[in-house]
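Compute the structure for the input listed below.
(chains A and B)
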Amino acid sequence: MTREEAQFILHAYRPSGADAREPQFEEALALVRDDPELARWFAQEQSLDAAIAGRIQTVLVPPDLKARLLLARKVIRPRPWWSRPAWIAAAASIALLILAASLLLPRRSGKAEFASFRGAMIEASLNETDHLDVWGLDANELKQWLVENGGHQDFALPPRLANKDIMGCKVLEWHGHRVTLLCLIFDDKHVDVFVVNKSDLPRVSLSATPLFGSQQGVTTAAWRRGGKIYFLAGNISKSDLQRLL
Amino acid sequence: MDELDYEKTVAVYHHDLYRFAYSLAGNADDACELTQEAYYRLLSNEGQIRDPKKVKAWLFTTLYRVFLGQKHRSARFPHLTISSVEHELPVLTPEIVNKLDGLLVMEALLEIEEHHRTPLTLFYLQNLSYREIAAVLDVSIGTVMSRLSRGKAALRDHLAAGAQQRNRSNCISMNLRQAQSR
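The predicted structure follows:
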């Protein structure tokens, strides 16, 4: 494979790193490792692509679109057969059986629990209409606000992240558990850190070493420290994030 | 698909579907309509989608086909061509891009030919791999790669031209302010 061929193929490599395990890119990536000039080009390409992708993500979605989409289900669908009275008694019996079975069966796995948590937090991070409860507070005011609103004021961020200003925060509820969202904006990057008690995700296994990932164009990292689980979601490249954590 | 799944599908994909629709239609109203139509068809055809993992690609494909269908019934969107001073354009850097408003980037996308713009938008939304983009657009993988390569070059030219124009406007207004203050 020539340098030009590798460049042609790598144009399709997403800056989120989601294609890292795609065999089509293997040979081109191997060439990147061996060719410093190609490596420079690829780093610039990824950086520029990440910047463009990040800008596109800032295009605001009309705030009422989600409500309209959810309403569509109620408007266009006829009353389903299962909601008719004759079926309700039977459905109730089945529901009781399922409830009994669910109590006897083991609880959902840690992987599923974490996936559910991650999905909800990414949604909160991407929420453009109700992103924060409060913003513009100094460190003391922020702690006071968290105390008064049931948030986690005893969080401990990694030093490089702790140096950044917390722009605002929000206290969320996830399956009856409190989650604190800390919003940080720096160098045109937007990062949200979610803090939750480890005891609220009992089956999730995380260590102090961050677990990186990406979903919906958002780079993520999750780690455990003390009795807390930290989940970070943001429009930041994995390499930049690694430097911060 | 139960109520919860539909809500989840809306929550997870409607932002990027809207942005994809905006890049096709060029305005917010039509983008909303395209997004709603895609979800409406999801509700109408949900029995046909057996594998929940395919909902994402199904929604993007459907939205694109709805757009193509509507386009046949209306005039084409005009495409602007880049000026003849391409060689004078500044080198586009992430720092320059980061200073641009998201809508300006979207406008630059809209100036690119549609067959380049569509895979490029899907690429930048980052939800779909190049294989999935090829499936959504019903073209070969090689075609997607070729269009991404050319589309990126065109987009960067437009963004660089936009940034240059913005700089000139800033200089002119600064000069005007200085002249007024004298």
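
tell me the contacts of residue A:244?
Contact partners of residue A:244, counting by C-beta atoms under 8 Å, 6 or more residues apart in numbering or on different chains, are A:158, A:160-161, A:236. In short, each C-beta sits where N, CA and C put it, glycine included.

low-scoring stretches of chain B, by residue?
B:1-4, B:46-48, B:50, B:72-89, B:167-182 (pLDDT under 70).

Outline the domain layout of it.
B:1-77, B:87-182 (automatic domain parsing).

starting at the chain centroid, how far to the shortest one?
Going back to what we said before, that points to domain B:1-77. 14 Å (C-alpha atoms, centre = their mean, to the nearest Å).

Ok, stretch A:46-57 next?
On C-alpha atoms, centre = their mean, the centre of stretch A:46-57 falls 18 Å from that of its chain.

Out of the domains of chain B, flag the one nearest chain A.
domain B:87-182 (3.6 Å; C-beta to the nearest C-beta).

The closest one vs chain A: in contact?
Yes: Domain B:87-182 reaches chain A (C-beta under 8 Å from any C-beta of the partner chain) through B:92-94, B:97-106, B:109, B:121, B:123-127, B:129-130, B:141, B:144-146, B:148-149, B:152, B:155-156, B:159.

try stretch B:56-65
No: Stretch B:56-65 stays clear of chain A (C-beta under 8 Å from any C-beta), getting no nearer than 9.8 Å.

Give me the buried positions along that stretch.
B:56-64 (16 or more other C-beta atoms under 10 Å in any protein chain shown).

just stretch A:190-200 next, same as before
Those would be A:190-196, A:200, for stretch A:190-200 by 16+ other C-beta under 10 Å.

pull the CA atoms of it into PDB?
Taking Å, rounded to 0.1, in the frame of the first residue of the first chain, the C-alpha atoms of stretch A:190-200 are listed here in PDB:
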ATOM      1  CA  HIS A 190     -17.400  20.600  26.500                       C
ATOM      2  CA  VAL A 191     -17.100  17.900  29.100                       C
ATOM      3  CA  ASP A 192     -19.600  16.600  31.600                       C
ATOM      4  CA  VAL A 193     -18.600  14.600  34.600                       C
ATOM      5  CA  PHE A 194     -21.300  12.500  36.300                       C
ATOM      6  CA  VAL A 195     -20.800  11.500  39.900                       C
ATOM      7  CA  VAL A 196     -22.800   8.700  41.500                       C
ATOM      8  CA  ASN A 197     -22.300   6.600  44.600                       C
ATOM      9  CA  LYS A 198     -20.700   3.200  43.900                       C
ATOM     10  CA  SER A 199     -23.400   1.600  46.000                       C
ATOM     11  CA  ASP A 200     -26.000   2.800  43.500                       C
END
